[in-house]
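S.K.: Here is my input; please provide its structure:
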Amino acid sequence: MALLTLADARLAFGHVPLLDGAALALETGERVALIGRNGAGKSSLLKILAGLEKPDDGILQLQTGLRRVYVAQEPLFDSGSTVFDAVSEGVAEAKLLRERFERHDPADDMDAVQTRLEAVDGWTWESRVDQALQRLNLDPAARVEDLSGGTKKRVALARALVAAPDLLLLDEPTNPLDIDAIEWLQDLLLQWRGALVFVSHDRAFIDAVATRIVELDRGLLRSYPGSFKTYENTKARELEDEALANARAEKLLAQEEVWVRKGVEARRTRSVGRVQRLVKLREQRAARRDTLGQVRLELDAGLPPGKIVAELKNVGMHFGEKELISGFTATILRGDKVGLIGPNGTGKTTLLKLILGELQPTSGSVRQGTRLQVAYFDQMRAGLDLDATLADTISPGSEWIEVGTSRKHVMSYLNDFLFSPERAHSPVRTLSGGERNRVLLARLFALPANVLVLDEPTNDLDIDTLELLEELLQSYAGTVFLVSHDRRFLDNVVTSTIAWEGDPAFGGRPGLWREYEGGYEDWKVQRARGKVAAAAPAPAPLAKPAAKPAAAKPKLSYKEQRELDGLPARIEALEAEQKTLHEQLASPTLYVEEASRVGELHARAEAIEAELMAALERWELLGSR
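M.R.: The predicted model follows:
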C-alpha cells in the first residue's frame, strides 16, 4: 500500500488553477524531487501533502499512523529559544508523555501513557536530540536568532530528523547552504530510511538524491523515474508530441470554422454531427492550457573595457583580528567568467569589493581596468522596493527601455520575463521568491554593463530559466563574477575559479585563496589532491653521508655535450607550447564549443610541466659539469 495517495486535487488562487486534477502516489523509501516553473504551485502542493493546507477539491489518503514532517524554506522558531530547545520541539510528544508518566496524575490512564511513551521511544528523547546536534555540528547553547540562514536550516533539519517521521517534506532545502553543506545534506538524505519529497531547482542535488522526478506542469503532476538527464530527454519528446498534436487540432479547427462560415448552399447541406464536433473542438481549444513561454533574455554588454579588468598583487584584508584574505595575487582579463567558491562568511563578497575597487586592501595593491561599467545582482534583493510596481521597478518614469540597440515598451519587456501586462502594475511584494529574482534579472539586463556581478542568482529560479541564463552568460562578451552554490551552474558558466582554501584539514591557512582554471569539478579534483598531500607523513630526513675527499669533475662526453647544446631550444619549445595551452584553457569559447577537449588539454599541460622541470634539471646538471 502507498504511504500517501493524492487523487484529483484542485487548487486555485485567481483565474488560473495551480492544481487541476493532480494525482500522486508515494511509496515507502522513495525520494521524489518536485520540480516546475516559478509560481506553478509546488510549495502549495507540498503543504497539502504535509496536511498544513487543504485543496479546494480532491482526496488525500494516508497510511494509518503516517508521521509527516515539513521543513519550510524559511523555518520559524520561538523567540529567544536555544538550539537545544528548538530541536527538542521535534520530540514534543515524547517529552509531554514522559512528564505525564513521571507526575503520576491519578486522572491519567498510566497504562495507556506508558504504552504510547514506549511507541514514540520517549525514554531516550534527550540522547536522540544530542545525537542529532552532534551529527549536524550544532551548538546546543546557541541562540537560534543569532544564527545564519544556513545554520537555521540545519536546526530545522535536526528538529525534523529527531521526530523520526515516515515522510520528510523539504521546501528548497539547499537555498541558504554553501557547497560543503549541500554535499553534507546529500549524504544525509541518501542515508535517510523514510520517504522524502523535496522541492529543488539544484540539478546536481536532484541527480544525487532523487529516485524519481515529479513535475508540476499546468496543474497536472507527471512522473519521470530515473535521473534528471533522463527526465530532460523524455520531457523534450513529450513536448514535441504535444506541439504536433496541438498543430493538428488547430488545423482541423480552422478547416471546420471555414466550412461552417460558407454561404447558404453550404449551410443547407451541413450535418448536425459536424456542427456538434465543431462545438466540441472549440470547447477543447478554450480549455487547453498551452505550455508557458520561455523567458527571453537579452543583455547589453556596454562599451568594451580595457584588456585588464583588475590586477591584484599580494592582497591582504583584515577586519580587526580576523584575516579574510592573505597574500592573494591574480589578474582578471576582459571576457573572463570567474566563479567564487567558499563557505558562508569566508569573505567572498569582500574579495569582490576589493577586485572592483569598492574596498581598499589592508596590504598589497589592486589596480582596476579602464571603462568598467558594473551591474550587480543582489542576493538579498535589498535593491527592490516592495511597494513599487513591476513597471516602475524596471523603468522608473518611462514606458520605454533601451536594451543594446533596440527599444522596447516596458510591457513587452516584462512579457519577455513571463510577466503578463495585467501584473505590470502589481506591487513587488506580491511576487514569489523566484519571480522577484526574475524582476532583478530584468532590471539588471536593462542596464548597459561590461562587468556583471551575480551574487547567488540561481536561488529560487526555475530550471528552464537557469538553463537560459547559462546560455546567455556563456555568449556574453563582458566579464562575469559569479558567487553561487549551484555546482552544475558553475561548471556550465565559469572559465576559472577563485576558491577559499583556509581549511586546515586541506593544508590551508587563514585567508588563503587560490585561482584555478575551469569550474567546480576541476577545483574539487585539485582540492582532493591537496587533502591527500596534507595528510601524507613528511619523509624522514636522510642520514648525512660521511664527507669524501673532493674528486675532479668528469668531463662531458660527446653525446652529453650534444644534449646540453640542444636543451635550450627544447626548453624554449616546451615553454611556447605551455603558453599556448594556458591561453586555450583561459579562453571562454573552449568550455562552450570544445568542452570534450578540456580534459585532454589539462593532461597535456601537466605532462609539459613535468617535461619542462626534467629538462631544466638536466640542463643545470650538465651545465655544472
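S.K.: only C-alpha atoms for contact and neighbour calcs from this point on.
M.R.: Will do.
S.K.: D385 reaches R436, doesn't it?
M.R.: No: assessed by Cα atoms under 8 Å, D385 is found out of contact with R436, at 10.8 Å.
S.K.: which neighbours do the two share?
M.R.: Shared contacts of D385 and R436, defined by Cα atoms under 8 Å, 6 or more residues apart in numbering, comprise V428.
S.K.: what about those two, which has more around it?
M.R.: R436 (20 against 14; other Cα atoms under 10 Å).
S.K.: Name the SS class of that one, please.
M.R.: The assignment at R436 comes out as helix when based on DSSP: H, G, I helix; E, B strand; the rest coil.
S.K.: list the contacts for the closest residue to it other than its chain neighbours?
M.R.: Nearest residue to R436 in three dimensions, chain neighbours excluded: V428, at 7.1 Å (Cα to Cα, 6 or more residues apart in numbering). Residues near V428 by Cα under 8 Å, 6+ apart: L384, D385, L386, D387, A388, T389, L390, R436.
S.K.: Contact partners for the fourth one?
M.R.: Residues in contact with D387 (Cα under 8 Å, 6+ apart) are P427, V428, R429.
S.K.: now do the fifth one
M.R.: Neighbouring residues of A388 by Cα under 8 Å, 6+ apart: P427, V428.
S.K.: Recalculate using a threshold of 6 Å.
M.R.: By Cα atoms under 6 Å, 6 or more residues apart in numbering, the residues touching A388 are P427.
S.K.: now the first one
M.R.: With Cα under 6 Å, 6+ apart as the criterion, no residue contacts L384.
S.K.: 8 Å instead, please
M.R.: Residues near L384 by Cα under 8 Å, 6+ apart: T393, V428, L440.
S.K.: would a markdown table of the residues you listed with secondary structure and distance to D462 be doable?
M.R.: Formatted as a markdown table, these follow (DSSP: H, G, I helix; E, B strand; the rest coil; distance: Cα to Cα, whole Å):
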| residue | secondary structure | distance to D462 |
| --- | --- | --- |
| T393 | helix | 21 |
| V428 | helix | 18 |
| L440 | helix | 14 |
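S.K.: Can I get these in JSON lines including pLDDT?
M.R.: Output for the contacts of L384, formatted as JSON lines (pLDDT from 0 to 100):
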{"residue": "T393", "pLDDT": "82"}
{"residue": "V428", "pLDDT": "83"}
{"residue": "L440", "pLDDT": "80"}
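S.K.: Pick the one among those residues closest to H409.
M.R.: Nearest to H409 among those: T393, at 13.8 Å, using Cα to Cα.
S.K.: Mean confidence (pLDDT) on the host helix or strand of W184, please.
M.R.: Element membership for W184, per DSSP states H and E: helix 179-190. Averaging pLDDT along helix 179-190 gives 86.
S.K.: and which of the contacts of D387 is nearest Q131?
M.R.: For the contacts of D387, the nearest to Q131 is R429 (40.3 Å; Cα to Cα).
S.K.: For the closest one, grab the count of nearby residues.
M.R.: Residues lying near R429 (other Cα under 10 Å) number 15.
S.K.: ok, it - contacts?
M.R.: If you count contacts by Cα under 8 Å, 6+ apart, R429 has them with L386, D387.
S.K.: Surely it is in a helix?
M.R.: Yes: looking at R429 with three-state DSSP, it is inside a helix.
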